[in-house]
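1. All I have is the shape, not the residue letters:
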């Protein structure tokens, strides 16, 4: 199970995080470009691990558990490095906060619902959110220096990245609200009649 290719791809996404952090910490144009390649490769595995698991019928509880964890670790590490190395403007800090809080919220809901044996399925909108989020982070990691290194200095990569991050944050609010309401419905459960016919 652990050595199935879909699970190995998911694990590779986690393994890429230390390398991504080191490259971003260097604050050099070539290191930013290398970090962009590492992040892009890790992001691509997010699609292929699920596709291969379904195509090869290798879906497992381990994979279902690990996949969202790998996503959140990658996104969280990238956001923290972008903030810590001041690659995000003060205006760009707010969507980063929204995204991080949403990830914590959904993780908490999943943990609670797992104890009640209730799944929290990924919606189509959440998949769009993830794609947009990864594209935004990839652009922000690349930054303007990488664009200049490749001869595309005229492209405002950082501005594009922050714009995409805001769009991702908007979708994050919608999907977070969907998950929260679904979780609250299960948490509330059916009302039980109290003695005397009252409901509690």
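-> Structure's in. What do you need? From a predicted model like this one, the values you see are computed outputs, not experimental measurements. Numbers count the residues shown, from 1 in each chain.
2. got the buried residues for the longest helix along the chain?
-> Ranked by residue count, the top helix of the chain under DSSP state H comes out as helix 157-188. By neighbour count with 16 or more other C-beta atoms under 10 Å, helix 157-188 contains the buried residues 157-158, 160-162, 164-169, 171-172, 175-176, 179, 182-183. In this view, the C-beta of every residue, glycine as well, is placed from N, C-alpha and C.
3. Show me where this protein has its strands.
-> Taking DSSP state E to define them, one finds no strands in the chain.
4. Residue 123: neighbour count?
-> 14 (other C-beta atoms under 10 Å).
5. Quick check, it in contact with residue 177.
-> No - with contact defined as C-beta atoms under 8 Å, residue 123 does not count as touching residue 177 (11.3 Å).
6. thinking again about what came up before, starting at the chain centroid, how far to the longest helix of the chain?
-> Distance, stretch centre to chain centre, for helix 157-188: 11 Å (C-alpha atoms, centre = their mean, to the nearest Å).
7. average pLDDT for that helix?
-> Across helix 157-188, the average pLDDT comes to 86.
8. packing partners for it?
-> helix 90-115, helix 124-149 (3 or more C-beta pairs under 8 Å, 6 or more residues apart in numbering; DSSP states H and E).
9. Just the angle for that helix relative to helix 90-115, thanks.
-> 30 degrees (axes from the mean of the first three to the mean of the last three C-alpha atoms, to 10 degrees).
10. how big is the angle separating helix 157-188 from helix 124-149?
-> For helix 157-188 against helix 124-149, the angle by the same axes, to 10 degrees is 160 degrees.
11. Now do residue 130: how many residues are near it, please.
-> Neighbours around residue 130, by other C-beta under 10 Å: 21.
12. wait, what's in contact with it?
-> By C-beta atoms under 8 Å, 6 or more residues apart in numbering, residue 130 lies in contact with 46, 71.
13. Begin at 27, not 1, for the rest of this chat.
-> Fine by me, first position is 27 from now on; the one you just mentioned is residue 156.
14. so where's the protein shaky on pLDDT?
-> 27-29, 87, 140-148, 215-226 (pLDDT under 70).
15. make it 80
-> 27-30, 32, 76-91, 135-149, 204-205, 208-226 (pLDDT under 80).
16. what number of residues lie near residue 120?
-> Other residues close to residue 120 by other C-beta under 10 Å number 14.
17. Okay, residue 37 and residue 49: tell me how far apart.
-> For residue 37, the distance to residue 49 equals 20 Å [C-beta to C-beta, to the nearest Å].
18. more neighbours, those two?
-> Between residue 37 and residue 49, counted using other C-beta under 10 Å, residue 49 has the larger neighbour count: 22 against 16.
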